[in-house]
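Asks: predicted model and sequence follow; I will ask about them next.
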Amino acid sequence: MNRKEMEKESRMGFITSAARRLFGEKGIENTTMDDIAASSDYTRRTLYAYFKSFDEICLLVLLEDQAVRWELQKKAVAAADTGLAKLRAWAESLYQFVRHNPQYVRLEVYWDFRGLNAGIIDRKLFRRFKKQNEELAEGLRSIFRQGISDGSMRDDLHVDMCISQFLYSYRSIMNRAMSPGYSFAEFEADEYVKHYLDLFCRGIRDYGKEDK
């Protein structure tokens with residue numbers, strides 16, 4: 001990169017760091033472009049010189065966090081043996097990341113309900129988002145395929161359907177666990193997440209033909 005590109009990347013990084021902090025403190029829906037501008041010591045006009053929209057800032061924060069958590073997950077998965085054990089390691093390492101970075105799961109839930117509008121996202125950034133998510137999905141596919149192959153998971157699983165349902169439900173569970181808001185039932189966060197993982201893993205586990 002030349003000097004101008006380096007300066008641009010540095011300023012964008014400073015802005016996303018400010019946004020990440022605000023998302024963790026106030027929540028995404030309660031954070032505005034004015035808040036991010038004030039926190040990063042820039043004007044609102046300056047923010048729009050680097051980002052097309054609020055959603056673009058959200059997406060870049062998500063991508064930066066996603067890259068960090070994926071590196072942690074790969075190390076955890078590599079230490080497990082069977083496919084089912086690898087899935088558990090994948091899920092537990094993600095939860096530990098979320099515990100220290102609550103804005104991450106909030107961003108994922110934000111996109112789940114809002115939907116990603118590619119029209120207000122820079123094309124290069126959107127391509128990066130697609131590529132990174134495809135890599136993450138393939139990482140989970142390999143875990144399920146190994147589980148089916150080594151006999152730790154049922155052989156009748158529809159892999160992509162399982163992955164999609166697992167991802168959407170798991171982040172909702174983590175979001176509920178990390179939320180300070182009202183709930184009709186109160187549980188300790190770690191217990192809440194563990195209970196869900198226990199149930200999901202039991203559902204996909206291969207217990208042997210004699211138990212089917």
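Replies: Now that the structure is in, tell me what you want to look at. Residues are numbered from 1 along each chain as shown.

Asks: hey, let's count contacts and neighbours off CA atoms from now on
Replies: Fine.

Asks: so how far is residue 11 from residue 17?
Replies: Using Cα to Cα, to the nearest Å, one gets 10 Å for the distance from residue 17 to residue 11.

Asks: and the biggest helix by length in the chain, what's its mean pLDDT?
Replies: Selection of the longest helix in the chain by residue count, based on DSSP state H, yields helix 123-150. The pLDDT scores in helix 123-150 average 94.

Asks: could you do stretch 15-35 as well?
Replies: Here the average pLDDT along stretch 15-35 is 93.

Asks: residues making contact with that stretch?
Replies: Around stretch 15-35, the neighbours that count as contacts under Cα atoms under 8 Å, 6 or more residues apart in numbering are 36-37, 39-40, 43-44, 47, 54, 57-58, 60-61, 101-103, 106-107, 110.

Asks: pretty sure residue 98 is touching residue 108, no?
Replies: No: using Cα atoms under 8 Å, residue 98 is not in contact with residue 108, being 11.0 Å away.

Asks: helices of the protein, start to end?
Replies: 3-26, 33-40, 44-50, 54-78, 83-100, 102-114, 123-150, 159-178, 189-204.

Asks: so how far is the fourth one off the chain centroid?
Replies: A distance of 6 Å separates the centroid of the chain from that of helix 54-78, by Cα atoms, centre = their mean, to the nearest Å.

Asks: can you list contacts of it?
Replies: Helix 54-78 has contacts (Cα under 8 Å, 6+ apart) with 16-17, 19-20, 32-33, 51, 86-87, 89-90, 93-94, 97, 104, 107-108, 120-122, 125, 129, 132, 136.

Asks: the last one now?
Replies: Contact partners of helix 189-204, identified using Cα under 8 Å, 6+ apart, comprise 84, 88, 91, 153, 154, 157, 170, 173, 174, 177, 178.

Asks: for the residues you listed, work out which two are farthest apart.
Replies: 154 and 178 (31.1 Å; Cα to Cα).

Asks: show me the chain divided up by domain.
Replies: Listed by automatic domain parsing, the domain ranges of the chain are 1-51, 53-211.

Asks: right, I'll call it a day here.
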